[in-house]
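Chemist: Model the following, please.
(chains A and B)
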Amino acid sequence: MSDSSKSFPAKIFAFFSSFGLATSVLVMLLVLTFLGTLEQAEHGLVASQARYFESAFIDRIDVGACWRALGFNVYWNIGDVSLPLYILPGGYTLMALLFVNLLCGGIVRIRKSPKTIGVIISHFAILFMIAAGAVTHHYAIEGSLNLREGQTGDEFQSFHDRVIEIEKLQTDPKAKRSVLVIDDSKFRDLAAGKGRTFTHESLPFDLMITGWKKHAQPKHDASGSRADAVDGYFIQEVPQLDKDGAAMPDEQLASACIAIAKDKKGEEVHNGILWEFAAAPWTVTVGADKYLISLVHRTYKLPFAVRLDETKEEKHPGTERARLFSSKVTKITGTHEEKRYITMNEPVRSEGYAVFQSTFSSGEQEGTGVKSSGFMIVENPADHWPLISCIIVAEGLLLHFLMMLARFIKVNPWKFAFSLIAAFNAAFALAMWKLL
Amino acid sequence: MRSFTMTYFQPSCALLACSLLLTSCDRLQEREAITETRELSSHATKAFADIPSSTRFFDDAKKESQQQDAQKRPSFRELLTWTLPEGWSESTTPDPMGMRVLDLRFGPNQEGECYISLMPGPAGGLEANVNRWRTQMGQPPYTAEEIAKLPTKPFFNRDASFVAFDGDFKGFGAEAAKTGYRMLGLIHSADQATIFVKLTGPKALVEQNAAAFDAFCQSIKPNLPKQE
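Modeler: Coordinates of the predicted model:
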């Protein structure tokens, strides 16, 4: 049947299941990976990931940053050049296209025969891997929990998500504490000259946020001449590049903004600066009540508490280089306590959360002498899916290659392939059992 | 006949200009209700109110002037008075962390150790500090209920939590634990400052000096300026 005689749905299906589409998507993914990796040098990992790999369309390509990352500026400095685009699909769109393409071409359209069974299994596994990426992108959360020896914690802070929290100071120390939360998506567009007022029935004031800066530091207004100074301080924007010219990691950036609390009775206005790295919240006093307002990383609750019993650092013999950080912890769920051991590559997994050892402090620098551990906490419903899909891909391809080999050496392909796969799996299981 | 462009272009431009004008008028007028709340954990650290901006923003310039002020002020040591028990003496070697206001030794080989340290704020709280000491003695940490049941002793005109543990003591920076040790301690934690008195030594020696420890703790008083 010629192409022109096909119905419209058939043409659509042919397009989505074509090798041409698969090749184009893979080439574009290669280009995105290349550009994203180059831009990362100046824009940082999180910004590059968001622009190239998590977006539906790429808003712009910083040609100047890519040029400099390649070192071409030594020969010809093109300065700051960027291509404003909304035509190039981002990683999210490309992965969705690849999923549809593989489903149509690699599962539905592919010739079904004993010869292709291994390939079909592998295609299924790749679809599963793409689905794992989507689940991770939409539902995974990760952050950090820092504990001193003897301290217990059941909350962790996101690496990248920021919020403004408002807490009414309780007079009764045993009273339950709660905070009102404003997500950063609602205030990170509020540069100078733009403001938004946030309200809540329980608050005696309305809170306006304005003058948000992504990376800033409050500076003392020594001359007292600045119109934007609040309580003798103003927000000074600081470069997001480190001393080597590389982009600072997102978690090291400290955003700041101006907060204006207007008494609902219209009597008083309080101005303050909120800064991520501030040592304490900003206090607003209305009548006899005090409200603590802070700009912090978003906090997530764990379904269990972790108490750090002991932490230690092992060094490479004869050097000051750390070899291993490890922690003995107690996992507390209600009244049940369970002793667990965490090292850098050996997390504690429980109730969908993985707790990794990430940092260690002897307490000497802080002057406390109290050792502490930093744990990275990841909640990912698709935590093991990539491993499972990799194993299935390997099994599918092994089946395919062994059946091809069996036909070549003229033996029964099913018996040959399955007996060898069984032998490989048994050897793999034995090796894992011995290793673990 | 007017062209398509003329028909639609001019009204579109006017509409766009109006919408831009309205948007700029609304740049400070947007209002949004807060819809999200979060309950704080019982383990969350206590927040402090009315902290001045210079402290909140780690203002070095202010800190320098505060340090100059501090030089004019008496040290922590000068803020306290105490009476040394018989046979106790001050250590001649400086403590490695420089945290001790007073560092004492006792016992035939000076193996008994008692010191006072003072830290600003709650210093991590009672639970963290008691459990840090428990860990140093090779003991499992106390639960919150056990911490709440700790006995108290009058100290510094207030009640302080008293602890006594037996175990193998491994202090900060020590290579190996010292076996058969006993630790006595008093912690008074307040929002402004936390004061610690900690005594460690071989169990028999500590038991001999338990009464001296109590007497020493009772003798610690604020060094109030004399009325003229």
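
Chemist: Only C-alpha atoms from now on, for both contacts and neighbour counts.
Modeler: OK.

Chemist: Could I get the full set of helices for chain A?
Modeler: Per DSSP state H, chain A has helices spanning A:8-16, A:19-43, A:45-48, A:63-69, A:91-101, A:117-139, A:385-408, A:413-435. These are given in chain order.

Chemist: so how many other residues sit close to the residue in the stretch 251-400 of chain A that chain B sits nearest to?
Modeler: Scanning the stretch 251-400 of chain A for proximity to chain B using Cα to the nearest Cα identifies A:Ala279 as nearest, at 4.5 Å. Applying other Cα atoms under 10 Å in any protein chain shown, we find 16 residues neighbouring A:Ala279.

Chemist: which ones are touching the nearest residue to it once chain neighbours are set aside?
Modeler: By the measure of Cα to Cα, 6 or more residues apart in numbering or on different chains, the closest residue to A:Ala279 outside its immediate chain neighbours is B:Arg56, 4.5 Å from it. Residues near B:Arg56 by Cα atoms under 8 Å, 6 or more residues apart in numbering or on different chains: A:Ala278, A:Ala279, A:Ala280, A:Pro281.

Chemist: for A:Asp183, same thing?
Modeler: Residues in contact with A:Asp183, defined by Cα under 8 Å, 6+ apart, are A:Arg162, A:Val163, A:Ile164.

Chemist: Who's the closest spatial neighbour of the second one, skipping the chain neighbours?
Modeler: Leaving aside its chain neighbours, A:Val163 sits nearest to A:Asp183 (4.7 Å; criterion: Cα to Cα, 6+ apart).

Chemist: when you scan the strand of greatest length in chain A, is anything in it near chain B?
Modeler: Assignment by DSSP state E gives strand A:289-315 as the longest strand of chain A. Yes - Strand A:289-315 is in contact with chain B by Cα under 8 Å from any Cα of the partner chain, via A:Lys290, A:Leu292, A:Lys301, A:Asp309, A:Glu310.

Chemist: Just give me the neighbour total for the closest residue to A:Lys301 other than its chain neighbours.
Modeler: Taking Cα to Cα, 6+ apart, and ignoring the residues beside it in sequence, A:Lys301 has A:Glu155 as its nearest neighbour in space, at 4.5 Å. Other residues near A:Glu155 number 23, with proximity taken as other Cα under 10 Å.

Chemist: got the residues of the stretch 1-150 of chain A near chain B?
Modeler: So the stretch 1-150 of chain A meets chain B at A:Arg148, A:Glu149, A:Gly150 (Cα under 8 Å from any Cα).

Chemist: hey, what's the nearest residue to the second one once chain neighbours are set aside bridged with?
Modeler: Pointing back at A:Glu149 there. Sequence neighbours aside, A:Leu308 is the residue nearest to A:Glu149 in space, at 5.2 Å (criterion: Cα to Cα, 6+ apart). Counting by DSSP bridges, A:Leu308 is bridged to A:Val329.

Chemist: Looks like A:Leu308 contacts A:Gln151 (just checking).
Modeler: Yes - in this structure A:Leu308 lies within contact range of A:Gln151 using Cα atoms under 8 Å: 5.9 Å.

Chemist: Which one's more surrounded, the two?
Modeler: Just comparing A:Leu308 and A:Gln151: by other Cα under 10 Å the higher neighbour count belongs to A:Leu308, 28 against 23.

Chemist: Would you state the helices of chain B in chain order?
Modeler: B:4-25, B:53-56, B:60-72, B:126-136, B:144-148, B:203-208, B:210-219.

Chemist: returning to that earlier point: tell me which residues of the longest strand of chain A are tucked away?
Modeler: When burial is assessed from 16 or more other Cα atoms under 10 Å in any protein chain shown, strand A:289-315 yields the following buried residues: A:290-300, A:302, A:304-313.

Chemist: Distance from that strand to the middle of the chain?
Modeler: Its chain's average C-alpha position is 18 Å from that of strand A:289-315, according to Cα atoms, centre = their mean, to the nearest Å.

Chemist: Give me the average confidence score over it.
Modeler: Over the span of strand A:289-315, the pLDDT mean works out to 91.

Chemist: now swap in stretch A:6-14 and tell me
Modeler: If you average the pLDDT over stretch A:6-14, you get 89.

Chemist: Show me how the record splits chain A into domains.
Modeler: Under automatic domain parsing, the residue ranges defining each domain of chain A are A:3-109, A:141-379.

Chemist: Now render the residues of strand A:289-315 next to chain B as CSV, adding distance to A:Ala132.
Modeler: Rendered in CSV, the data for the residues of strand A:289-315 next to chain B read as follows (distance: Cα to Cα, whole Å):
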residue, distance to A:Ala132
A:Lys290, 46
A:Leu292, 40
A:Lys301, 24
A:Asp309, 35
A:Glu310, 35
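
Chemist: From the opening residue of stretch A:136-144 to its closing one, how far?
Modeler: The first residue of stretch A:136-144 is 18 Å away from its last residue (Cα to Cα, to the nearest Å).
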